[in-house]
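Participant: predicted model and sequence below, questions to follow.
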Amino acid sequence: MRGVITLCGSTKFKIAFEKVNMELTFAGWVVLNVGSFHHSDPKNATRIESYKDRLDALHKEKIALSQAIVVINVDGYIGESTRNEISYARALGKKVYWLDPDEQIRVKRDRSVKELEKNATTYTYSYDYDSETDGSWDVLTDDMET
């Protein structure tokens, strides 16, 4: 076992969660995942939504148990819950890995350009990819030494 890692991101991206979960598991990681995919499960969405606060708290407990998180940022999308999870992980000193760091850099750049045009100000968001400390999740799947 290499360690424990938690997946974070929008539950809209169930297929991406499943892929990353499988690859990290094959690479020897214990993977803690979201408790439900309410965005991807319309039949149970109302029931799942009624547990949202409890599920969010449990997911933060998973982050606390982990050495790092992997952010599932399909098309650069980061929702409010994911932003909170990233901030929480960083506050605990956890390493943050990204499914697609290049996409997050692009989103940050595009957002900065739009804000600059709009307000002549650049905003920095604590949940954006930090090239100084963050990494790409694929380094976690490198072959394990035997």
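Facilitator: Okay, I see it.

Participant: do a quick rundown of the helices in the chain.
Facilitator: 14-26, 45-50, 52-65, 80-91, 101-119 (DSSP state H).

Participant: what pairs with the strand ranked longest in the chain, parallel or antiparallel?
Facilitator: If you go by DSSP state E, the chain has its longest strand at strand 3-9. Using DSSP bridges, strand 3-9 pairs in its sheet with strand 29-32 (parallel), strand 68-72 (parallel).

Participant: among these, show me which one is buried the most.
Facilitator: Most buried of the strands paired with strand 3-9, by mean neighbour count (mean count of other CB atoms under 10 Å): strand 68-72, with a mean of 25. All C-beta spots, glycine's among them, are computed from the backbone N, C-alpha and C.

Participant: chain center to that strand: distance?
Facilitator: Relative to its chain's centre, strand 68-72 lies at 4 Å (CA atoms, centre = their mean, to the nearest Å).

Participant: try stretch 3-16
Facilitator: 6 Å.

Participant: pull the CA atoms of that stretch into CSV?
Facilitator: This file holds the C-alpha atoms of stretch 3-16, laid out as CSV (Å, rounded to 0.1, in the frame of the first residue of the first chain):
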residue,chain,number,x,y,z
GLY,A,3,-1.1,5.4,1.3
VAL,A,4,-4.5,6.9,1.5
ILE,A,5,-5.9,9.4,-1.0
THR,A,6,-9.3,11.1,-1.3
LEU,A,7,-11.0,12.1,-4.5
CYS,A,8,-12.7,15.5,-4.7
GLY,A,9,-14.8,17.1,-7.4
SER,A,10,-18.2,17.5,-8.8
THR,A,11,-20.4,14.4,-8.7
LYS,A,12,-21.4,15.3,-12.3
PHE,A,13,-18.2,13.6,-13.4
LYS,A,14,-18.9,10.0,-12.2
ILE,A,15,-17.0,8.4,-15.1
ALA,A,16,-13.9,10.4,-14.3
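
Participant: which residues sit against it?
Facilitator: With contacts defined as CB atoms under 8 Å, 6 or more residues apart in numbering, stretch 3-16 is touched by 17, 20-21, 24, 29-34, 36-40, 59, 62-63, 65-74, 77-79, 81-82, 85-86, 89, 97, 99, 140.
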